[in-house]
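Student: please find the sequence and the predicted model below.
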Amino acid sequence: MKLPTTRRVAVIGGARIPFARSDGPYATASNQEMLTAALDGLVEQYRLEEPGAVSEFVAGAVLKHSRDFNLARETVLGSRLAATTPAYDIQQACGTGLQAVIAAANKIVLGQTESAVAGGADTASDAPLGVNDSLRKILLAARRAKTTGGRVKALARVRPSHLVPDIPRNAEPRTGLSMGEHAAVTAQAWGITRAAQDELAATSHQRLAAAYDRGFLDGLVVPFRGLDRDQNLRPGSSVEKLAKLNPVFGVNRANPTMTAGNSTPLTDGAALTLLASEEWARERGHEPLAYLSAYESAAVDFIGGDVVGGEDGLLMAPAYAVPRMLERAGLGLADFDFVEIHEAFASQVLATLAAWEKQGLGVVDRDRLNVAGSSLATGHPFAATGARIVATLAKLLAERGTPGRGLISICAAGGLGVTAILERE
Ligand SMILES: CC(=O)SCCNC(=O)CCNC(=O)[C@H](O)C(C)(C)COP(=O)(O)OP(=O)(O)OC[C@H]1O[C@@H](n2cnc3c(N)ncnc32)[C@H](O)[C@@H]1OP(=O)(O)O
């Protein structure tokens, strides 16, 4: 292997399918089909068909079937990208899409690749239901049996209780609490009000609707299965309407503030980003939208001490990743024209902002926060969100046309956080 080189990584563009609420229009679509649709959209737009056009494809899914094996490679084989394109899977819960971008970018930085497509897909509609563990052991024993009698003997141990499937839960294995329940504890610790959450949610819908209306998402969103806009989007969303919804997650009956309107819905979808060296972009005549200039990740010990962590809750790792990233980059929050915080829950965005403020990083101007809407309006197919945000932010910077900077902050299950900075000169 050649010794490291350091090069800039350009974000050339992105493509995603419209996101759909789970058990809706994409109920019969697999991760692979959705990822292929997004990939083909990118291939068509940036003329990536010929062998070698893309050095590598990096993608992942949080809810992945064992049959998908290497989902990224299977996607390449079913797409218009050359079958000679290497591909691999990556998974870091809701940080997957951004982590795929970072993994792909690092090889470009080091001069090992020239271009990459990175992102992810997820479907809660087609979640990988597992076979009950006891039944799985019986089936494995039957498969190992050398005689028909042995197989029958093994299978005779099957009881009705063994037929109960192993259903993936949207919960932390170590606490048994759902993401929403964890976020509710953090919201309470930071004193996040229902009104502030509903305001953030309404703004997300209004801004996404405006972004569609002014054509900002043209090219970034490729139609799929009858949808050309995110199905979750409610253009008429308002604080008054959101205030009428019943709470769904809360710590106690006295102060439940989280509703279906200020939480992301379970969502199906796929999103990808095209990255390249400056040389690749120049040779192919593509003007980079922006450059990736820093990335960071962090984790919180959400089970140490207090079981769910209080102010340091499950989704608070960006409160550590962002200060670290800013310090290394020699920047402050005021240096950013755009701030993109993944809206897992409105309360979690507000708690992250409060944590940054408490640490002395300053206050984020709301006119710079999630200006084209975010996950509360688009929905959140776990592994797709990072690539959606990278492509959105890069286009926002390019659209502005002047030198600028954008910050990305994504919280993830497992107490993880993945963050990045995009710049345009
Ligand atoms: C790191 C991370 O990202 S962690 C985050 C991971 N993601 C999650 O954990 C997903 C969390 N979300 C969920 O589990 C579910 O979406 C829930 C529990 C919040 C809600 O589920 P459901 O109750 O099925 O939601 P549903 O879509 O039916 O909405 C409930 C009601 O609110 C209404 N509603 C939802 N959003 C809005 C809105 N923006 N404006 C107005 N009304 C709304 C719906 O119309 C529905 O009304 P109805 O009962 O009259 O039909």
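Tutor: Yep, that arrived. Numbers count the residues shown, from 1 in each chain.

Student: give me the beta-bridge partners of residue 369?
Tutor: Judged by DSSP bridges, the bridge partners of residue 369 are residue 339.

Student: okay, now it: neighbour count?
Tutor: Neighbours of residue 369 under the rule other CB atoms under 10 Å: 21. Where you see a C-beta, it was placed from the backbone N, CA and C, and this is true even at glycine.

Student: any idea how far it is from residue 302?
Tutor: In this view, residue 369 and residue 302 are 25 Å apart by CB to CB, to the nearest Å.

Student: before we move on, what about residue 394?
Tutor: 31 Å.

Student: can you name the residue of the stretch 301-425 of the chain nearest the ligand?
Tutor: Going by CB to the nearest ligand atom, the ligand is nearest to residue 344 of the stretch 301-425 of the chain, at 3.1 Å.

Student: show me what contacts that residue?
Tutor: 94, 179, 183, 263, 264, 315, 375, 380, 411 (CB atoms under 8 Å, 6 or more residues apart in numbering).

Student: adding secondary structure, pLDDT and distance to the ligand, write those residues out as a markdown table.
Tutor: Formatted as a markdown table, these follow (DSSP: H, G, I helix; E, B strand; the rest coil; pLDDT from 0 to 100; distance: CB to the nearest ligand atom, whole Å):
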| residue | secondary structure | pLDDT | distance to the ligand |
| --- | --- | --- | --- |
| 94 | strand | 97 | 4 |
| 179 | helix | 93 | 4 |
| 183 | helix | 93 | 7 |
| 263 | strand | 97 | 4 |
| 264 | coil | 97 | 5 |
| 315 | coil | 95 | 6 |
| 375 | helix | 98 | 7 |
| 380 | strand | 98 | 5 |
| 411 | strand | 98 | 5 |
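
Student: out of those residues, which is nearest to residue 340?
Tutor: Nearest to residue 340 among these, counting by CB to CB, is residue 375 at 10.1 Å.

Student: which SS class is the closest residue to residue 50 other than its chain neighbours?
Tutor: Nearest-residue entry for residue 50: residue 82, 6.6 Å, with adjacent residues in sequence omitted and distances by CB to CB, 6 or more residues apart in numbering. For residue 82, the assignment made with DSSP: H, G, I helix; E, B strand; the rest coil gives coil.

Student: what's the answer for residue 212, then?
Tutor: Put simply, residue 212 is helix when judged by three-state DSSP.

Student: which residues touch it?
Tutor: Residue 212 touches 229, 233, counting by CB under 8 Å, 6+ apart.

Student: now it: how far from the ligand?
Tutor: Per CB to the nearest ligand atom, to the nearest Å, residue 212 is found 16 Å from the ligand.

Student: ok, now residue 284?
Tutor: 35 Å.

Student: burial measure for that residue, as a count.
Tutor: 14.

Student: so who does it touch?
Tutor: 46, 47, 276.

Student: circling back: just curious, which of the contacts of residue 344 is nearest to residue 227?
Tutor: For the contacts of residue 344, the residue nearest residue 227 by CB to CB is residue 380; the value is 16.0 Å.

Student: on that earlier part again, what are the phi and psi angles of the residue nearest to residue 50?
Tutor: With angles defined as degrees, to the nearest 10, residue 82 shows backbone torsions of phi -60, psi 140.

Student: then the one 5 residues further on?
Tutor: The phi and psi values for residue 87, taken as degrees, to the nearest 10, are phi -150, psi 150.

Student: go ahead and confirm it touches residue 79.
Tutor: No - under the criterion of CB atoms under 8 Å, residue 87 is not in contact with residue 79, lying 9.9 Å apart.

Student: neighbour-wise, which of these two wins?
Tutor: Shown here are residue 87 and residue 79; by other CB under 10 Å, residue 79 has more neighbours (24 against 21).
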